[in-house]
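[1] Kindly generate the corresponding structure for this input.
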Amino acid sequence: MKKVTAVLLALVLTASLSITAFAVNEDVEGEIVIYSSMYQFVLDKLDEALKEEFPNLTPGNEGSFFFYGGTSSLITKIYGEMETGTLDCDMMLVAEPALSLELKEAGYLEPVEIENPDELLRFPYDEEGYWYPVRVCNMVLAYNPEMADEWAARGVTIPQTFEAFASDPALKGYISMGNPMSSGTTFAAVASLTQDNHYGPDYLKGLAANEVMIESGSTAITKLQTGECAAIMILEESILKVLKDAEDAGTPVTNLKCIYPEDGVVLIPSTVMTVAEEHSKNVNTEACEAVEEWLLSEEAQKLILEGFMHSVFKNMEEIPFGSVDTNWLIEHDLGVDWENAYHNREAINTAWTETVTMN
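    Take a look at the predicted model:
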């Protein structure tokens, strides 16, 4: 009897192992490189998951599937590589969809068919399959609630809108934001806020008049906490990560908080793209398609949430730590005209340089 039980147990274990083996994409082989602007700690999580899901797929960038860079920096890199006709990557995960429109038009993308995208996604996608949203970044304002009274005593009101951020003269010298020339999400925010249906080109004049400081998110956060800045324009995920890391360390932060502007947030759905075979580094579109499908799986979307970004799934009720409901954000999204951002990228950057950085 014991022998029979042992045999049955062995059969169950064997069956279980077989199911596990078939659960991963063992048949996906070759090598790929993915350009991405996601923060490194998120890429590390995705890298580990991809290696487990695709055990026979070779990471093409020094042991990693990902090559990291800010979106605007990656765009410059991509432009240079397009002159040769071949990119040094096989896929891209960048912060703003304008590049997707541009690369599709240039013939640099391979369409990928995702099952039932209308039922799956709550953000726009390319109906021919050339790009899909994978994660959603959210541009907000932030402040130090512990210093609000002190700022008020100095005649400074913490801005509750993007408009006030650039137009309230009391904020002169006390605001900070990223650089659209290197950050795709900041470029998207600038493109949105300077649209004619929002605040137009004069928004940049307001930033210049208020002597906005152009610096990294980490520097801006430090200046909020030390009282050098009254408010900053920043990605929600940057604030949420600081709050979560501090809580995990047992030292909760109380001098940092997001402001969800009353005139609207700027949501940036980041897209995944597969490079057309004739333009890709490793000529491995079959593997890229499998990875693209995995990025739109529940497992991958959970990792996106852990990275303090919002999921693109319609049925995803979970939100990043410390955030607000994603559907509420969608209702309060100012929106970005991505066609305008694509066709007028150079003009937007020139206006920024001449109006803000040179003044």
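[2] any chance you could map the strands in the stretch 51-200 of the chain?
    57-59, 66-68, 91-94, 109-110, 132-143, 175-177 (DSSP state E, counting those that start in this stretch).
[3] among these, which is the most enclosed?
    With neighbours taken as mean count of other CB atoms under 10 Å, the strands of the stretch 51-200 of the chain reach their highest mean count in strand 91-94, at a mean of 26. Bear in mind the C-beta positions are built from the backbone N, C-alpha and C, glycine included.
[4] contacts for that one?
    32-38, 71, 74-75, 78, 99-100, 103, 134-135, 184, 270-275, 288, 291-292, 295 (CB atoms under 8 Å, 6 or more residues apart in numbering).
[5] so of those, which ones are in helices?
    The members of the contacts of strand 91-94 that map onto helices under DSSP state H are 71, 74, 75, 78, 99, 100, 103, 184, 288, 291, 292, 295.
[6] For those, which PyMOL command selects only the ones that are buried?
    A single PyMOL command selects the buried members of these (16 or more other CB atoms under 10 Å):
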select buried, resi 71+74+75+78+99+100+103+184+288+291+292+295
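[7] Now distance to residue 309 and pLDDT too, for the ones in helices among the contacts of strand 91-94, in a markdown table please.
    Compiled in a markdown table, these are given as follows (distance: CB to CB, whole Å; pLDDT from 0 to 100):
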| residue | distance to residue 309 | pLDDT |
| --- | --- | --- |
| 71 | 14 | 86 |
| 74 | 18 | 92 |
| 75 | 20 | 91 |
| 78 | 22 | 96 |
| 99 | 18 | 94 |
| 100 | 17 | 96 |
| 103 | 22 | 97 |
| 184 | 14 | 91 |
| 288 | 22 | 98 |
| 291 | 18 | 98 |
| 292 | 17 | 97 |
| 295 | 13 | 97 |
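[8] Can you check what pLDDT the model gives the residue nearest to residue 52 when sequence neighbours are not counted?
    Leaving aside its sequence neighbours, residue 52 sits nearest to residue 24 (CB to CB, 6 or more residues apart in numbering; 6.9 Å). Looking at residue 24, its pLDDT stands at 73.
[9] Count the residues that sit near residue 24.
    A total of 13 residues lie near residue 24 under the criterion other CB atoms under 10 Å.
[10] That one: what's it in contact with?
    Residue 24 touches 52, 53, 54, 55, counting by CB under 8 Å, 6+ apart.
[11] these two touch, right, the last one and residue 26?
    Yes: applying CB atoms under 8 Å, one finds residue 55 in contact with residue 26, separated by 6.0 Å.
[12] Pretty sure residue 314 sits against residue 122.
    Yes: counting by CB under 8 Å, residue 314 does reach residue 122; the two are 4.4 Å apart.
[13] Compare these two (neighbour count), which wins?
    A count of neighbours by other CB under 10 Å puts residue 122 above the other of residue 314 and residue 122, at 17 against 13.
[14] That one: what's it in contact with?
    312, 313, 314, 326, 327, 330.
[15] switch to 6 Å and redo it
    residue 314 (CB atoms under 6 Å, 6 or more residues apart in numbering).
[16] how about the helices in the stretch 151-300 of the chain?
    162-167, 184-193, 202-209, 217-226, 236-248, 285-295, 298-306 (DSSP state H, counting those that start in this stretch).
[17] which strands and helices sit next to the fifth one?
    Just to be clear, that refers to helix 236-248. If contacts are counted by 3 or more CB pairs under 6 Å, 6 or more residues apart in numbering; DSSP states H and E, helix 236-248 sits against strand 132-143.
[18] Would you mind getting the angle between the strand it packs on and helix 298-306?
    20 degrees (axes from the mean of the first three to the mean of the last three CA atoms, to 10 degrees).
[19] Strand 132-143 pairs with which strands, and in what direction?
    strand 231-235 (antiparallel), strand 257-259 (antiparallel), strand 266-275 (antiparallel), strand 310-311 (antiparallel) (DSSP bridges).
[20] Pull out the buried positions in the very next helix or strand once past the shortest one.
    Spelled out, that is strand 310-311. Per DSSP states H and E, the first helix or strand lying C-terminal to strand 310-311 is helix 326-331. Neighbour counts over helix 326-331 (16+ other CB under 10 Å) mark 326, 329 as buried.
[21] do stretch 329-342 as well
    329, 333, 334, 336, 337, 338, 340, 341, 342.
[22] which outside residues touch that stretch?
    For stretch 329-342, contacts defined as CB under 6 Å, 6+ apart pick out 97, 98, 101, 102, 188, 191, 192, 195, 264, 265, 266, 267.
[23] with those in mind, which one is nearest to residue 252?
    residue 265 (24.6 Å; CB to CB).
[24] if we can go back for a sec, which one of the strands paired with strand 132-143 lies nearest to residue 140?
    Once those are compared by CB to CB, strand 257-259 is nearest, at 5.1 Å.
[25] neighbours around residue 52, how many?
    Using other CB under 10 Å: residue 52 sits among 10 other residues.
[26] Tell me the pLDDT of it.
    At residue 52, pLDDT is 97.
[27] Roughly how far does it sit from residue 26?
    Residue 52 sits at a distance of 11 Å from residue 26 (criterion: CB to CB, to the nearest Å).
[28] Next: residue 262.
    In terms of CB to CB, residue 262 sits 51 Å off from residue 26.
[29] what sits against residue 37?
    70, 71, 94, 95, 184.
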